[in-house]
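Student: the following comprises the amino acid sequence and a computationally predicted model.
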Amino acid sequence: MELALKEVLEDVLKRLGVAVDNISITKEANDVIYAEIFSPDSSLLIGWHGETIAALHHLVKNLIWIKHPELFKESGHFIIDVDGYRRKQKENVISLTERRIQIVRKTKEPQILPPMSPYFRRIVHMYLTENFTDVTTESVGKDDHRAVKIFLK
């Protein structure tokens, strides 16, 4: 999967005319493949609030599905990052989540995080499940306004 992901990414970025210094592919926990693009055009690849990076991920996922469907049987999960953008966003979301957990514990009232993408909602759900036994989560809202609600068990 790693080689196919790198080849597809290189091809897409070349066709887009985006300068790339390096593409680093690593395998992380839970067999998630992490592809980080280092580019002088990072803001172009990230886009407004990460919209372009999300679109790039969707495009690459579909291209791999078309070209190498057998690879999704072994591991279909991968993350595309540009110059550490998603890692920083993940750290920010986890930090916000931890602050809201303290509020929930103190007030015993549910807290709703700001609306976020499915990717970041999943991170919040998994983080709480793995690290906290006294709180739980659920997704609330519709469409682009989906958010995570944190409350005591």
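Tutor: Noted; the coordinates are in hand. Just so it is clear, the model here is predicted, and its values are computed rather than measured.
Student: beyond the lowest-mean-pLDDT helix or strand in the chain, next helix or strand please.
Tutor: Lowest by mean pLDDT, DSSP states H and E among the helices and strands of the chain is helix 71-74, with a mean of 64. Once the chain leaves helix 71-74, the next helix or strand it forms, by DSSP states H and E, is strand 78-82.
Student: please enumerate the helices of this protein.
Tutor: 2-16, 42-46, 51-67, 71-74, 85-107, 118-131 (DSSP state H).
Student: export these to a markdown table and tack on mean neighbour count and distance to residue 141?
Tutor: C-beta here means a position set from N, CA and C on the backbone, and glycine is covered the same way. As requested, those are exported to a markdown table (neighbours: other Cβ atoms under 10 Å; distance: least, Cβ to Cβ, whole Å):
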| stretch | mean neighbour count | distance to residue 141 |
| --- | --- | --- |
| helix 2-16 | 15 | 32 |
| helix 42-46 | 18 | 24 |
| helix 51-67 | 15 | 18 |
| helix 71-74 | 12 | 29 |
| helix 85-107 | 15 | 16 |
| helix 118-131 | 15 | 10 |
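Student: which stretch in those helices is the model least sure about?
Tutor: Ranked by mean pLDDT, the helices of the chain end with helix 71-74 at the bottom, a mean of 64.
Student: wait, which of the helices of the chain is closest to residue 34?
Tutor: helix 85-107 (8.9 Å; Cβ to Cβ).
Student: now do the same end-to-end measure for stretch 134-146.
Tutor: 23 Å (Cα to Cα, to the nearest Å).
Student: which residue of the chain sits farthest from its center?
Tutor: In the chain, counting by Cα atoms, centre = their mean, residue 107 sits farthest out from the average C-alpha position, at 30.2 Å.
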